[in-house]
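A.B. asks: this one's structure only:
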């Protein structure tokens, strides 16, 4: 019996590793084929990367430095070997590393939420599906995918009751993208209603340090790099102009359905069955995430929605499947 259990665990571990590698290769392949080497080495990808390194990328791109500095290290590493297209290889390799980390963290996070291994693998498939449709009008967008990593990591450490780690996660994520300011609120939402005074005191301290750290980094980046011209996507300004552009543009709805599918609807149908922590993540992230991006970003670029999809909607939908099975088996 013990040997059989070990064999099953070995098979499952092998399946998880193979699945993560294949999903990572698949998502990288589709994006690479869409962009091509010329785009990566001579087009917008290398241009924006170079602008960030030189401090002239504009607002908000210039203040999202962490991923660009990391990928520059990878590019320089491959450059040491004098191999052809080392820039494209560096870019694609970094994206593969990012995607691999995303799928590994997603697997670990979904299992922490009480989902079975087979159900979790279905979740990874859904995430891979969304990622292969999130490339519209985008380059490799390293900071967006690092954002997914940081939010999944934050979600996991909170579930593990390792709350202190929210501080370094927030600090690192603040160097990557401004959306990371929501990470401390994930912790606050998850812990605040529990009523334990000692826990609330600890939570308040960690939340305060994390949020202050985020604000300091947010301001420091703008002082270091100075004023940057606001990048206006497609000539539409943030606010109601952008909202109208998003809602009346047919490709917005096509891309939303291609990336998210009906996963958010299925997730919300099981909202009452969600564990407290997942509900907390929803209220801390989803309302403000969609509001900010609808008014401030081109929502057809659905990579912007991978954080709520990976962190909240996919596990929420899988919980509907879990509880539906339980109801079907009940007498």
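C.D. replies: Perfect, I can see it now. Being a predicted model, the structure only gives us computed values, none of them experimental. Numbering: from 1, shown residues only.

A.B. asks: quick one, longest helix in this protein?
C.D. replies: When the chain is parsed with DSSP state H, its longest helix is helix 2-42.

A.B. asks: For that one, which helices and strands make contact with it?
C.D. replies: If you count contacts as 3 or more CB pairs under 8 Å, 6 or more residues apart in numbering; DSSP states H and E, helix 2-42 packs onto helix 44-54, helix 86-112, helix 117-131. C-beta: built from backbone N, CA, C; applies to glycine.

A.B. asks: Shouldn't residue 298 be within a strand?
C.D. replies: No - under DSSP: H, G, I helix; E, B strand; the rest coil, residue 298 falls outside any strand and is assigned coil.

A.B. asks: for it, phi and psi?
C.D. replies: When read as degrees, to the nearest 10, the backbone of residue 298 gives phi -80, psi 100.

A.B. asks: let's have the chain start at 421 instead
C.D. replies: Understood, numbering begins at 421; the last thing we discussed is residue 718.

A.B. asks: Wait, it touches residue 665, no?
C.D. replies: Yes - with contact defined as CB atoms under 8 Å, residue 718 counts as touching residue 665 (7.5 Å).

A.B. asks: and for those two, which residues touch both?
C.D. replies: 654, 656 (CB atoms under 8 Å, 6 or more residues apart in numbering).

A.B. asks: Same question for stretch 498-509: list its buried residues.
C.D. replies: Judged by neighbour count (16 or more other CB atoms under 10 Å), stretch 498-509 contains these buried residues: 498, 506-509.

A.B. asks: who touches residue 555 in this structure?
C.D. replies: Contacts of residue 555 (CB under 8 Å, 6+ apart): 450-451, 454, 723.

A.B. asks: any idea which helix or strand carries the closest residue in space to residue 506 that isn't next to it in sequence?
C.D. replies: Sequence neighbours aside, residue 498 is the residue nearest to residue 506 in space, at 4.0 Å (criterion: CB to CB, 6 or more residues apart in numbering). Following DSSP states H and E, the helix or strand that holds residue 498 is helix 486-499.

A.B. asks: Just name whatever secondary elements that helix is in contact with.
C.D. replies: For helix 486-499, the packing partners by 3+ CB pairs under 8 Å, 6+ apart come out as helix 464-474, helix 506-532, helix 562-579.

A.B. asks: pLDDT below threshold where in the stretch 571-720 of the chain?
C.D. replies: Under the criterion pLDDT under 70, the flagged ranges of the stretch 571-720 of the chain are 614-615.

A.B. asks: Helices of that one, start to end?
C.D. replies: With DSSP state H, counting those that start in this stretch as the criterion, the stretch 571-720 of the chain has helices at 586-594, 603-611, 617-645, 660-668, 670-680, 683-689, 696-716.

A.B. asks: can you pull the buried residues of the last one?
C.D. replies: It refers to helix 696-716. 697-702, 704-706, 709, 713, 716.

A.B. asks: Please spell out which residues along stretch 674-688 are buried.
C.D. replies: Those would be 675-676, 678-681, 683-684, 686-688, for stretch 674-688 by 16+ other CB under 10 Å.

A.B. asks: now swap in stretch 641-655 and tell me
C.D. replies: 641, 645, 648.

A.B. asks: Also stretch 547-566?
C.D. replies: Neighbour count says stretch 547-566 has 547-556, 558-566 buried, by 16+ other CB under 10 Å.

A.B. asks: do stretch 525-537 as well
C.D. replies: 525-533, 535, 537.

A.B. asks: now stretch 714-732
C.D. replies: In stretch 714-732, counting by 16+ other CB under 10 Å, buried: 716-732.

A.B. asks: Go through those and flag which are in helices.
C.D. replies: 716, 726-728.

A.B. asks: Taking the centroid of the protein, which residue is nearest it?
C.D. replies: residue 568 (1.5 Å; CA atoms, centre = their mean).

A.B. asks: Pull the contacting residues for that residue.
C.D. replies: Residues near residue 568 by CB under 8 Å, 6+ apart: 522, 726-727, 730-731.

A.B. asks: hmm, 10 Å instead?
C.D. replies: Neighbouring residues of residue 568 by CB atoms under 10 Å, 6 or more residues apart in numbering: 518-519, 521-522, 525-526, 547, 551, 723, 726-731.

A.B. asks: What of residue 497?
C.D. replies: 506, 509-510, 513.
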